[in-house]
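> Structure, please.
(chains A and B)
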Amino acid sequence: MSGAAGWDFVAITLLVYLGVNLIACLGLNLQYGTAGVLNFAFIVFQAVGAYTAALFAVGPSSGNGGFQTYVGGWRLPFPLPWIIATVAGAVVAVPVGLVGLRRLRSDYQAMVMLVVSLIATTVVVSFPGFLNGSAGISLVPPPLGTLLNPISVGYGWMYVGLTAVCCLSVFVVVAALARSPLGRSWRAMRDNEVVAGAVGLDVTRLRMLVFVVGGAIAALSGAVLVGFISAWSPDAWLYPETFAYFTALIVGGLGNSIGALIGAVLVPTLLLEGVTFLPTFANPTVSLGLQWIIIGVVIIGFLWFRPRGIAPERKNVLAPPARTLTLPGAGHDKADMS
Amino acid sequence: MNQFVLIVGSGLITAALLAVAGVGFTLQFSVTNVLNIAYGSIMSAAALVAYAVNTAGANLWVSGLVAAATGATFSLAINRGVFRPFEGRRAGPFTLIILSLAISLILENVLLIVGGPHFFSYGRLGQPSVRIEGVGFTPAQVVMVAVAGVLMFVVHAMQKWTKLGKAMRATATNPELARSRGVRTAIVVDLAWVISGVLCGLAGLFMGIIVGAFNASTGSSLLVPIIAGVVLGGIGSPYGAMLGALIIGIVSEAAASIGGLSAFKQLVAFAVLIGMLLLRPQGIFSSTAAERGLAR
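Numbers count the residues shown, from 1 in each chain, chains lettered A, B, ... in the order given. Sure thing, here's the model as predicted:
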């Protein structure tokens, strides 16, 4: 790994991670930024996608000499594992959403979702027969690895292209959803749930929908990631990872895709991945710990100094009418309402 | 019979830890309205400091005092340094819980860097000399259950019969009204954080003794049963937290004993939490949760 190939390797890795993080940030932004639904178990959906994509690509449990055990295990051609993974994310979102659908105050709900995330890790670690426990699933074959040489630089750039296609698709879907009547309903629910319900929006359905769509997007990000690193274990999806994505959104600016992009570049990509390419100045425990300390300090700093992020959401308002009509009695109605 | 004694005995020991931790968590929440996710990390901090003092030669009673002081210091510092300034700006619940997560991450990783990734252990604290129906418990375990009982009574007495308890309940119910009636709510809130920190610190020491091996992230991993107990009993209610801890403690030990896998403890706590949230999210003693609009 030296010279041109070395730099290619660094660039490919960072770009793939950027793509994965951007997909995840777009999904989380749809859930929290657009619909105001707090999902502190977001990383669990990325994990669902990664495990599912791995299970549908790696082949049966006994295939690799039986050194890892897991449920199922098929060897399906690309892109089937990614598609199944995305669907799996949507399916798993339903039971988790049922808990999230309870009308709980946002912080109470966040706490519950945090517990969901903690328990998901406990389940996978405690039952090694399920997804090979804390060692995780490895030797996941790279997508299209039989057609192309997966250790070549060309394959790396092809993977960057594949990631970019996924990013773009998610971006288009999210942008379309945000502009659609559904997106307006989500924002209405975010801004005032009671009023949204009063004007006839089915808040329960809206919440479940955004849980399912966001879960599918998160799962896709996991599938893309596991295809690239070819292994997945509980260490990759501990609950602070969700926090890193929330940090990204707050740094970038909630509720808009530009903000999600800025956040995805700065926090999970440059801060969490980029630094691993710098010369190590301390032992791994110290540098890993420092990353999270920096993230914690950054979030407190942003919430204090710039709570709306680098690129704040622009309010979606119509141009003011040239002449304002005052309806008789309108002022009184307003006074009565408040 | 042996298994029954074992389940109730170890259930009580677990419940002692969960009750002390849960009451601290819920008391602070009822007064300040902040869900403090950093609670687990403060437990770890107190456990590590108490362990350091203990290995330096102090006995467990002194370690307990040190743990309580550590918990109180961190707890008060977090309120003064972060929560109070942000509340002064009328930060919403989402901002506050993100802040508590940020504090938790910072504290846990500082501890990880200072203490290292390896686990610490008190080893065996004495022989299982207290025998009930043939099942042995160590003196440390028995003392812990007794201390937890005393602490619960002290919390009850403070809430019921002291001026501070009255002021805390008044602040919890209606801070503006309490202030206008001459309660210095800022001091009451500070004291709530301190009392919560004392209980959190002692729970940290208990954790160190009970779990066998612990490190910087053990406190956070205990958040599942602690929160399960608190939510089951009804968040904001100290008596609810005690009852919840007792139920979670005994049921989870029963599951682990019968199922033969310690992971069942966490799973049972989780199952109880989810079941409760689906059926009755406000918990058994539901007044606080209902008043705050936590669950409708």
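
> alpha carbons only for contacts and neighbour counts from here, please
Noted.

> Can you classify A:Gln68 as helix, strand or coil?
Following DSSP: H, G, I helix; E, B strand; the rest coil, the label given to A:Gln68 is coil.

> Check the spacing between it and A:Gly133 real quick.
Separation of A:Gln68 from A:Gly133 (Cα to Cα, to the nearest Å): 9 Å.

> ranges for the strands of the stretch 101-250 of chain B?
Along the stretch 101-250 of chain B, the stretches classed as strands by DSSP state E, counting those that start in this stretch are B:130-132, B:135-137.

> Tell me the strands beside the first one, with direction?
Partner strands and pairing direction for strand B:130-132 (DSSP bridges) are strand B:135-137 (antiparallel).

> number of nearby residues for A:Ile294?
For A:Ile294, the count of nearby residues is 15 (other Cα atoms under 10 Å in any protein chain shown).

> How about it: what's its closest non-neighbour residue?
Leaving out its chain neighbours, the residue that sits closest to A:Ile294 by Cα to Cα, 6 or more residues apart in numbering or on different chains is B:Ile106, at 7.9 Å.

> residues contacting that neighbour?
Contact partners of B:Ile106, counting by Cα atoms under 8 Å, 6 or more residues apart in numbering or on different chains, are A:292-294, A:296-297.

> Just name the closest of those residues to A:Leu209, please.
Distance to A:Leu209 across the contacts of B:Ile106 (Cα to Cα) is lowest for A:Gly296, with 30.9 Å.

> follow-up on the earlier one: buried subset of the contacts of B:Ile106, written for PyMOL?
Buried residues within those, by 16 or more other Cα atoms under 10 Å in any protein chain shown, are selected in PyMOL with:
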select buried, chain A and resi 292+293+296+297
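
> Kindly indicate which of the contacts of B:Ile106 lies nearest B:Ile113.
Among the contacts of B:Ile106, and counting by Cα to Cα, the member closest to B:Ile113 is A:Ile293, at 10.4 Å.

> That closest one contacts B:Leu112, correct?
No. A:Ile293 is beyond contact range of B:Leu112, at 10.8 Å (criterion: Cα atoms under 8 Å).

> who touches both of those two?
Counting by Cα under 8 Å, 6+ apart, nothing touches both A:Ile293 and B:Leu112.

> ok, A:Ala188 to A:Leu201 distance?
Distance, A:Ala188 to A:Leu201, by Cα to Cα: 9 Å.

> Comparing those two, which residue is more hemmed in?
The residue with more neighbours, out of A:Ala188 and A:Leu201 and counting by other Cα under 10 Å, is A:Ala188; that gives 21 against 17.

> which SS class is the more buried one?
helix.

> what pLDDT does it get?
Each residue has a pLDDT score; the one for A:Ala188 is 90.

> show me the contacts for it.
Contacts of A:Ala188 by Cα under 8 Å, 6+ apart are A:35, A:196.

> again, 6 Å this time
A:Ala188 sits next to A:Ala196 when contact means Cα atoms under 6 Å, 6 or more residues apart in numbering or on different chains.

> How far does stretch A:184-202 stretch from one end to the other?
Its start and end residues considered, stretch A:184-202 measures 13 Å (Cα to Cα).

> Buried ones in it, by neighbour count?
A:184-190, A:196, A:201.
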